[in-house]
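1. got a structure for you, letters missing:
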DNA sequence: CGATACCTTGATCGATCTCAATGTCGGTGG
DNA sequence: CCACCGACATTGAGATCGATCAAGGTATCG
């Protein structure tokens, strides 16, 4: 049931890392990848549902999500993390939890900083990732502020599908999504019951269906329509450096 | 009525720039600030309510905001920009509009990028700004997802007050806020009428009042209480470089 | 003085929440 | 094999928060 690769041991050498083309270190020329290994303080495995306490790491396999608690004890999911993503926590926030079994490379914040000071390409790659995060958060903010439940849901499904496509983790008809309805609800600012009804609406309209961890896109055009989707723009300031999208 | 300094001519030399301590270029040692001037392609003035089309600039005086249109023609305000902020647009989005009369320094994206490649401190400073934006967006996302109207409003007022305090633009009792209720509504995902009622609630409870462009914080503790406020955490990955907060 | 922009208030409507069941399915122990 | 259990999904009914619609009110400015 867990993704086959989530607990696979990581390659020892970063040069062989399967997610590097999508990760922070894509910016480092192949010849110098050896130095990257020295930023790493360890490799970890974690089980679905566990909290992750490391403060800087690259997710290698599996999914995670970041969330913030509210005063009344509920939570808001801030972002989902896919293989290759750099995840960062400062102090206690945000909380990061493994959505599936997962493995990741812990990095030394200190060594990263000094490496970035010698290697502007790395700093720019880091900035590029932040700019992407920002763009995604802006899109979500627009959803929560101005779109109704069905539209929000459609939007999130398209976003996740797009991110998976970009790393070869999906085909155009759908993808594996290990989300429970509770995660959708917490990401979209809805109650679980209403998230369920929104999902049912998409299914009844023949637009998309999410069942048993599998997303099926039944009518892409229609789904984009209800989402009020606009194609994501190219890249941020660091666009000059950008490569894969 | 407009802020006195919004249309004041900018100093010719970046070394004399009043907002540099809060801006992207705070990272550049004083001795090298001369080179910064070469990144600048021009200085602009704009009137309140006008759209700004330049794609990278540092706001010098006045306020702006970024927003995204929705499919049904409404809008979501994504962020407010204060003097010293770096503002960036890619392609058409987000839209940026001047909230007050404003003046700003337009930068060459191309020259910025190449300068960052020689000057990692600048790239890190850029990243620091992005990380701050992200933190703010996360907080807003939590508001829109999980807090009610009054709490959202209290949160936004505290956030803006904090940002102004950090640059010496406010005292602990309040600050000048050139926002109309329509801006609050569009930032908080509310109707104007409901934003008005939320504001009235804060006033009636003796927590805060916003009138004629002036925010008064009447009961900070109480305001933080209804906001579900948690003190903002220190800095991001680039924290090693961080200076003022 | 009138016009315009902004704020305020009230009444009604509707989307979403809450609460309370019920259903489904995969596992687990007897 | 079956009974039960826990986690998750689904459905229904009623309560709420905030949207919408419709007037006014107020202030500023030409």
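-> Yes, it's here. Small disclaimer: the values here were computed from a predicted structure and weren't measured. Residues are numbered from 1 along each chain as shown, chains lettered A, B, ... in the order given.
2. What sits closest to the spatially most central residue of chain A if chain neighbours are left out?
-> Nearest residue to the geometric centre of chain A (Cα atoms, centre = their mean): residue A:81, 2.7 Å. In this structure, residue A:81 finds its nearest non-sequential neighbour in residue A:64, 4.3 Å apart by Cβ to Cβ, 6 or more residues apart in numbering or on different chains. C-betas here are computed from N, CA, C, even on glycine.
3. Check residue A:66 too.
-> The shortest distance from residue A:66 to any non-neighbouring residue, by Cβ to Cβ, 6+ apart, is to residue A:94 (4.1 Å).
4. Let me see the backbone angles for that neighbour.
-> Backbone dihedrals for residue A:94, given as degrees, to the nearest 10, come out at phi -70, psi 170.
5. need the contact list for it.
-> With contact taken as Cβ atoms under 8 Å, 6 or more residues apart in numbering or on different chains, residue A:94 is in contact with A:66-68, A:78, B:138.
6. One more pass at 10 Å, please.
-> A:65-69, A:75-79, A:87-88, B:135, B:138, B:142, B:233 (Cβ atoms under 10 Å, 6 or more residues apart in numbering or on different chains).
7. now swap in residue A:25 and tell me
-> Per Cβ under 10 Å, 6+ apart, neighbours of residue A:25: A:14-15, A:17, A:19, A:32-33, A:35-36, A:39, A:58, A:84, A:86, A:105, A:107, A:121-122, A:125-126.
8. Same check on residue A:86?
-> By Cβ under 10 Å, 6+ apart, the residues touching residue A:86 are A:23-25, A:56-59, A:105, A:107, A:112, A:125-126, A:129-130, A:133, B:237.
9. Near residue A:189, how many residues? Count them for me, please.
-> Neighbour count of residue A:189, defined by other Cβ atoms under 10 Å in any protein chain shown: 25.
10. OK, contacts around the residue nearest to it when sequence neighbours are not counted?
-> Using Cβ to Cβ, 6+ apart and skipping residues adjacent in sequence, the residue nearest residue A:189 is residue B:145, 3.0 Å away. For residue B:145, the contact set (Cβ under 10 Å, 6+ apart) comprises A:68, A:70, A:74-78, A:140-141, A:143-145, A:152, A:185-190, B:189.
11. same check, this time on residue A:42
-> So, once contact is read as Cβ under 10 Å, 6+ apart, residue A:42 ends up touching A:54, A:57, A:104-108.
12. So it, which state does it fall into?
-> For residue A:42, the assignment made with DSSP: H, G, I helix; E, B strand; the rest coil gives strand.
13. which bits of chain A sit near DNA strand D?
-> Residues of chain A found near DNA strand D (Cβ under 7 Å from any atom of the strand) are A:180-182, A:192-193, A:196-197, A:199-200, A:211.
14. I'd like the residues you listed laid out as TSV, including pLDDT, neighbour count and distance to residue B:100.
-> Converted to TSV, the residues of chain A next to DNA strand D look like this (pLDDT from 0 to 100; neighbours: other Cβ atoms under 10 Å in any protein chain shown; distance: Cβ to Cβ, whole Å):
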residue	pLDDT	neighbour count	distance to residue B:100
A:180	97	13	46
A:181	98	16	44
A:182	98	14	43
A:192	98	14	43
A:193	98	10	44
A:196	98	15	45
A:197	98	14	43
A:199	98	20	44
A:200	98	12	47
A:211	94	10	51
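15. The residues you listed also near DNA strand C: which ones?
-> Near DNA strand C, by the rule Cβ under 7 Å from any atom of the strand, you find residue A:193 out of the residues of chain A next to DNA strand D.
16. And the furthest pair within the residues of chain A next to DNA strand D?
-> The span of these, defined through Cβ to Cβ, is set by A:193 and A:211 at 17.3 Å.
17. Return the distance of the nearest residue to residue A:15 once chain neighbours are set aside relative to DNA strand D.
-> Excluding the flanking residues, the one nearest residue A:15 by Cβ to Cβ, 6+ apart is residue A:33, at 4.6 Å. Note on residue A:33: its distance to DNA strand D, by Cβ to the nearest atom of the strand, to the nearest Å, is 38 Å.
18. So residue A:33 sits against residue A:13, correct?
-> Yes: Residue A:33 is within contact range of residue A:13, at 7.9 Å (criterion: Cβ atoms under 10 Å).
19. Those two - which one has more neighbours?
-> Set residue A:33 next to residue A:13 and count neighbours by other Cβ under 10 Å: residue A:33 wins out with 16 against 11.
20. ok, now which ones touch the residue in chain A that DNA strand D sits nearest to?
-> Residue of chain A nearest DNA strand D, by Cβ to the nearest atom of the strand: residue A:181 (3.5 Å). Taking Cβ under 10 Å, 6+ apart, we find residue A:181 in contact with A:190, A:192-196, A:198-199, A:210.
21. Same list, those, but only the ones touching chain B.
-> residue A:190 (Cβ under 10 Å from any Cβ of the partner chain).
22. separation between the residue in chain A positioned nearest to DNA strand C and residue B:105?
-> Nearest to DNA strand C in chain A, going by Cβ to the nearest atom of the strand, is residue A:194, at a distance of 2.8 Å. Residue A:194 is 47 Å from residue B:105, where distance means Cβ to Cβ, to the nearest Å.
23. more crowded one of those two?
-> Neighbours per residue (other Cβ under 10 Å) separate residue A:194 from residue B:105, with residue B:105 holding more: 25 against 16.
24. which residue packs closest to the more buried one, ignoring adjacent ones?
-> For residue B:105, the closest residue by Cβ to Cβ, 6+ apart turns out to be residue B:58, at 4.8 Å.
25. so that neighbour makes contact with residue B:40?
-> Yes: the criterion here is Cβ under 10 Å, and residue B:58 meets it with residue B:40 at 8.7 Å.
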